[in-house]
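Chemist: Predicted model and sequence follow; I will ask about them next.
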Amino acid sequence: MDFFTFLSICVVLGFLKSIARYRYGVVRGRDRDASRVEERLSADLLSLRAELAQLRETTTQYDVSFDTALQRLEARMAHLEQRVDSKALTAGRAGGA
């Protein structure tokens, strides 16, 4: 092997080594970026789960509050109907006598 062939092989190997280092860096950077994205997605997912749980709790509270208000209105209506019925009976007796 002559000197020129040896030098050419060394240059080519050096070039291939630099390409391999570059590719390794790119792949490693992608892996780091991918792990960062996964961490962000995981954090966002946990945040969404917490918000969903809070929304469920708020919805339940509003549902209970609505039911309570509805029961109060029904009780008031029943009371008013009793008063109207008793006044009608009283007026009917007074008018008939």
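Modeler: Great, that's in hand.
Chemist: where does this structure have low pLDDT?
Modeler: 94-97 (pLDDT under 70).
Chemist: in it, which spans are helices?
Modeler: Using DSSP state H, the helices of the chain run over residues 3-96.
Chemist: center of it - which residue?
Modeler: The C-alpha lying nearest the average C-alpha coordinate of the chain belongs to residue 48 (CA atoms, centre = their mean; 2.5 Å).
Chemist: So what's the residue count around residue 21?
Modeler: Under the neighbour criterion other CB atoms under 10 Å, residue 21 is assigned a count of 10. The way it works is simple: take the backbone N, C-alpha and C, and place the C-beta from them, glycine included.
Chemist: and the gap between it and residue 34?
Modeler: 20 Å (CB to CB, to the nearest Å).
Chemist: Equivalent analysis for residue 23, please.
Modeler: For residue 23, the distance to residue 34 - CB to CB - is 16 Å.
Chemist: Likewise for residue 83?
Modeler: Taking CB to CB, one finds residue 83 at 73 Å from residue 34.
Chemist: Spit out the contact partners of the residue nearest to the centre of the chain.
Modeler: With contact set as CB atoms under 8 Å, 6 or more residues apart in numbering, residue 48 has no partners.
Chemist: Tell me how far it lies from residue 55.
Modeler: Counting by CB to CB, the gap from residue 48 to residue 55 is 10 Å.
Chemist: Give me the common contacts of those two.
Modeler: By CB under 8 Å, 6+ apart, no residue touches both residue 48 and residue 55.
Chemist: List the residues that contact residue 5.
Modeler: Per CB under 8 Å, 6+ apart, neighbours of residue 5: none.
Chemist: and if you look at residue 1?
Modeler: Residue 1 neighbours (CB under 8 Å, 6+ apart): none.
Chemist: Could you shift the numbering so residue one becomes 24, and keep it that way?
Modeler: OK, 24 is where the count begins now, so the last one is residue 24.
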